[in-house]
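Asks: this one's structure only:
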């Protein structure tokens, strides 16, 4: 990932949890304890931050890096089109942009359209939204389990997606 597009990392969701969420495994991570349950609200906040829409400057930085990667004869976008790109990409998560840039740099033959950028960003945006959704489901399952007195591992195994 180019350093120019690197974003500040949000509060850390432990790697084991991220891997579990991204794999969509039905087997929960080992070693679940009450501290893990207590950390869920922070992880949910981190996942929401990761999925937050990109700021105008993040999109402009992506735009500049894409433009720098291509020689001028491969089709630059007119200056008047930049506001359209900003509007068309405004809902993409900022944390999805670095991976999107990597994918585009490997595959583009000309300057990408808004649709091409959105298509490249979709798997990365979906992954971020899925993490947030699963953590929120897990929190809701824990809240319900606390009312019933259920065991923690039972709750993690009950969360399906």
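Replies: In hand now; what should we look at? Owing to the predicted nature of the structure, the values given are computational and were not obtained by experimental measurement. Residues are numbered from 1 along each chain as shown.

Asks: longest helix in this protein, by residue count?
Replies: Counting by DSSP state H, the longest helix found in the chain is helix 114-148.

Asks: any buried residues in that helix, and which?
Replies: Within helix 114-148, the residues scored as buried using 16 or more other Cβ atoms under 10 Å are 117-118, 120-121, 124-125, 127-132, 134-135, 138-139, 141-142, 145. No exception for glycine: its C-beta is placed from N, CA and C like everyone else's.

Asks: quick check: mean pLDDT across that helix?
Replies: Here helix 114-148 scores 88 as its mean pLDDT.

Asks: could you number the chain from 24 rather than 1 from now on?
Replies: Sure, I'll start numbering at 24, so the last one becomes helix 137-171.

Asks: distance from the chain centre to stretch 72-90, please.
Replies: Offset of stretch 72-90 from its chain centre (Cα atoms, centre = their mean, to the nearest Å): 13 Å.

Asks: spell out which helix or strand contains residue 71, please.
Replies: Using DSSP states H and E, residue 71 maps to helix 57-73.

Asks: can you name the next helix or strand after that helix?
Replies: Using DSSP H and E, the helix or strand that follows helix 57-73 in sequence is helix 79-92.

Asks: now do that following helix: which elements does it pack against?
Replies: helix 105-112, helix 120-130 (3 or more Cβ pairs under 8 Å, 6 or more residues apart in numbering; DSSP states H and E).

Asks: before we move on, the earlier item: how many degrees apart are the helix holding residue 71 and helix 137-171 in direction?
Replies: Inter-element angle recorded for helix 57-73 and helix 137-171: 150 degrees (by axes from the mean of the first three to the mean of the last three Cα atoms, to 10 degrees).

Asks: residues contacting helix 57-73, please?
Replies: Residues from elsewhere that reach helix 57-73 (Cβ atoms under 8 Å, 6 or more residues apart in numbering): 33-36, 40, 116, 118, 151, 154-155, 158-159, 161-162, 165, 175.
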